[in-house]
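Chemist: following is a predicted model, sequence given first.
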Amino acid sequence: QVQLVESGGGLVQAGGSLRLSCAASGRTFHRMGWFRQPPGKEREFVASITGRGGNTYFADSVKGRFTISRDNAKNMVYLQMNSLKPEDTATYYCAAGAGVTDRPLNYYGVDYWGKGTLVTVSS
């Protein structure tokens, strides 16, 4: 049974940092990533990473502030979030795609979702 379990969310002041972790079990994935859903808004892409070559992709809103990484031996993916802003407040979801492609992981390419972890950035 495939599971994605996020951790690391919480409350942080603007300008602060948080590191989200996602533990995958049941299988490995070529593409993994993070999406977020701000209160009252649609779920949106944040970042993704491929297994081969470690190609990374970011939403324009987080470029230069967030980094994504993975540890294939542990079947983990991480999202390091720096210089956080109140508009980063959202539930963050870990996502995984079974397809073997190096394109960014978009919403339609996600085969599995985690349950989400809440990040709240206070001003």
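Modeler: Thanks, I have it. It should be emphasised that the depicted structure is a prediction, and the values quoted were computed from it without experimental measurement.
Chemist: in stretch 94-107, what counts as buried?
Modeler: Of all the residues in stretch 94-107, those buried under the rule 16 or more other C-beta atoms under 10 Å are 94, 95, 96, 97, 104, 105. Glycine gets a C-beta too; all of them are placed from N, C-alpha and C.
Chemist: helix or strand for the third one, which one?
Modeler: Using DSSP states H and E, residue 96 maps to strand 90-97.
Chemist: after that strand, next one along is what?
Modeler: Assigned by DSSP H and E, the successor of strand 90-97 is strand 112-113.
Chemist: who are the packing partners of that following strand?
Modeler: strand 90-97 (3 or more C-beta pairs under 8 Å, 6 or more residues apart in numbering; DSSP states H and E).
Chemist: what pairs with the strand it packs on, parallel or antiparallel?
Modeler: Applying DSSP bridges, strand 90-97 is found paired with strand 31-37 (antiparallel), strand 112-113 (antiparallel), strand 117-122 (antiparallel).
Chemist: ok now the first one, how far from the chain's centre?
Modeler: Its chain's C-alpha centre and that of strand 31-37 lie 4 Å apart, by C-alpha atoms, centre = their mean, to the nearest Å.
Chemist: same deal with the second one?
Modeler: Using C-alpha atoms, centre = their mean, the distance from the centre of strand 112-113 to the centre of the chain it belongs to is 11 Å.
Chemist: and the contacts of that strand?
Modeler: For strand 112-113, the surrounding residues in contact (C-beta atoms under 8 Å, 6 or more residues apart in numbering) are 2, 4, 29, 93, 94, 95, 96, 98.
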